[in-house]
Structures are given as structure tokens and as C-alpha cells.
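**Q** Need coordinates for the following:
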Amino acid sequence: MDRMHLKCYNSIFVKALLGLSVAIFITCVPRCFGGDIVVANVNGVPIYLSESLKGTPEFDSKRADAIDRQLIYHYFESGKNAVSNRVIDEKINNIISDEFGGSKPKFEEALKNSGSTLNQFVKAQKEAIYIALAQKEALVAYPNDPPVQAFKAYLKTLKSNAKIDLL
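**A** Next up is the predicted model:
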């Protein structure tokens, strides 16, 4: 993939990702971070899912997605690519401005109503940024592969360097 196409792909992907971040957070984060049971450990970090998913057809895919997110999060947080607090603060301020008309109390109320905390929201924002960065790295590392295949190969590399215990 040439540089112009990569830049265009990244721009479109990041805009879509940022546009959906609040909606995804409010619907997913309470389950992702406040689940009932530990379903795996990734590099010593417990992965939680709702107990109601246990035994359902979607359990394995939800667990795999949560593991992949934690692998990416750990990779970027433990390296030199960690997102600075300034970037997160700017992103949250933009969300407050765009989604809540600049009202911090409305934003805080939405967090409260979703059963989430500011720390969980910050982690979700970092996760979203890290996933976008991981997808970009995958395209660079595997330039001849389609984006989905490149990302799968990238995740396989992360998994080979991780300690994953399924519970």
C-alpha cells in the first residue's frame, strides 16, 4: 500500500473511530471493564466479561476480542508509543465540546448513567487510539496483505510474545 493510500485509509479510519467513541464507550465499557467474571489473563492482567455471556455462542469471540484489545493496550503502554495525558485530555475536551455542547456536567452525567468512571473512559480512549496505531503498524509491517489479513498477522506476532491464560 503506497503512502498516499495509507494516509487516506488512516484518516478515514481515525475519523470514524473518533466519531463513534462515545457511543461505543457508553454501550460497551460497562461490560468490558465491569464484567462479572475473569475469563482470561493477559500478561497478568485479568480480562472480564459479563457472566451472562458464559456458554453462549458469542462468548469465545467476545473473549478473543477482549484479549486482542489488552494485547494492543499492553504493547503500546509498555513501550515508547504510550499516549500522553495531554492527548487524552484534548480528546476528552473535544468529545465534551462536540457531543455534550461543551458541558462537562452533562459528560459526567453520561458517565454516571453508563455506570462507568472517568478512568474507564480514559482507558477506552487510549484503547481506541492504540487500535488505530496498531492497524497502521500492521499495514506498514505487512504492506502486501489486505488490511484485515495484515492486522491478523500483527496480532499473531503480539500473541507470540505474550502470556495468555484462558480461564
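
**Q** going forward, measure contacts between C-alpha atoms and count neighbours the same way
**A** Fine.

**Q** Model confidence for the closest residue to residue 106 other than its chain neighbours, exactly?
**A** Ranked by C-alpha to C-alpha, 6 or more residues apart in numbering and with sequence neighbours excluded, the top spatial neighbour of residue 106 is residue 100, at 6.2 Å. pLDDT for residue 100: 93.

**Q** Count the neighbours of residue 100 for me.
**A** Residue 100 sits with 16 neighbouring residues when counted by other C-alpha atoms under 10 Å.

**Q** my read: it touches residue 107, true?
**A** Yes. At 6.2 Å, residue 100 and residue 107 qualify as touching, with contact defined as C-alpha atoms under 8 Å.

**Q** What is the burial count for residue 39?
**A** The burial count for residue 39: 22, using other C-alpha under 10 Å.

**Q** Same question for the one 5 residues further on.
**A** For residue 44, the neighbour count with other C-alpha under 10 Å is 11.

**Q** Report the contact partners of it.
**A** residue 163 (C-alpha atoms under 8 Å, 6 or more residues apart in numbering).

**Q** That one and residue 139: what is the separation?
**A** Relative to residue 139, residue 44 is positioned 28 Å away (C-alpha to C-alpha, to the nearest Å).

**Q** All good on my end, thank you.
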